[in-house]
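Novice: need coordinates for the following:
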Amino acid sequence: MNILLAEDDPAMRLLLEDFLAGLGHAVRSAENGNGLVKQALEARPDLIITDLQMPEMSGDSMIAMLDLYPGLAGIPVIVITGAAHGELADMGISPEIPVFRKPLDLEKVAAEVGRIAGRDR
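Specialist: Residues are numbered from 1 along each chain as shown. Predicted coordinates for the structure are as follows:
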């Protein structure tokens, strides 16, 4: 599966890139939502994994922007965040979007990625 990742923390971004690639996925990444939207317009991903609190364009703004592009609307999204539960509602994050809190349980992330990919993990 082609995964596009937005994470501003370089260590977390590298950890997720390596972990997801180790599961057999093709992973591209961006430091913020702005970079992710640009990459998604160049090559539509099968899945987007994003942090919420990033510079330039936050993950919640990026999620809303994706719906403005017909070719990008409907791409599954997974959120990874350190934000408190109440903050997610304030940001307008749909309760249907899977959310994983930092520090991440990578096995749970892998299970959700597998579910989205149509595979059991």
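Novice: which helix or strand in the protein has the lowest average pLDDT?
Specialist: Least confident helix or strand, the chain: helix 85-91 with a mean of 74, by mean pLDDT, DSSP states H and E.
Novice: any regions of this protein where pLDDT drops low?
Specialist: Across the chain, residues meeting the criterion (pLDDT under 70) sit at 85, 119-121.
Novice: all helices for it, in order.
Specialist: Using DSSP state H, the helices assigned to the chain run over residues 10-22, 33-42, 59-66, 85-91, 106-117.
Novice: deepest in the core, which of those is it.
Specialist: Comparing the helices of the chain by mean neighbour count (mean count of other Cβ atoms under 10 Å), helix 59-66 ranks first with a mean of 21. C-betas here are computed from N, CA, C, even on glycine.
Novice: tilt between it and helix 33-42?
Specialist: Angle, helix 59-66 to helix 33-42, by axes from the mean of the first three to the mean of the last three Cα atoms, to 10 degrees: 30 degrees.
Novice: just to revisit the earlier point, distance to G74 added to the helices of the chain, as JSON lines?
Specialist: What follows is the helices of the chain, written out as JSON lines (distance: least, Cβ to Cβ, whole Å):
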{"stretch": "helix 10-22", "distance to G74": "21"}
{"stretch": "helix 33-42", "distance to G74": "12"}
{"stretch": "helix 59-66", "distance to G74": "9"}
{"stretch": "helix 85-91", "distance to G74": "20"}
{"stretch": "helix 106-117", "distance to G74": "12"}
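Novice: and the residue most central in space within the chain, what does it touch?
Specialist: With distances taken as Cα atoms, centre = their mean, I49 lies nearest the centre of the chain, 1.3 Å away. With contacts defined as Cβ atoms under 8 Å, 6 or more residues apart in numbering, the neighbours of I49 are 3-7, 16, 20, 77-80, 109, 113.
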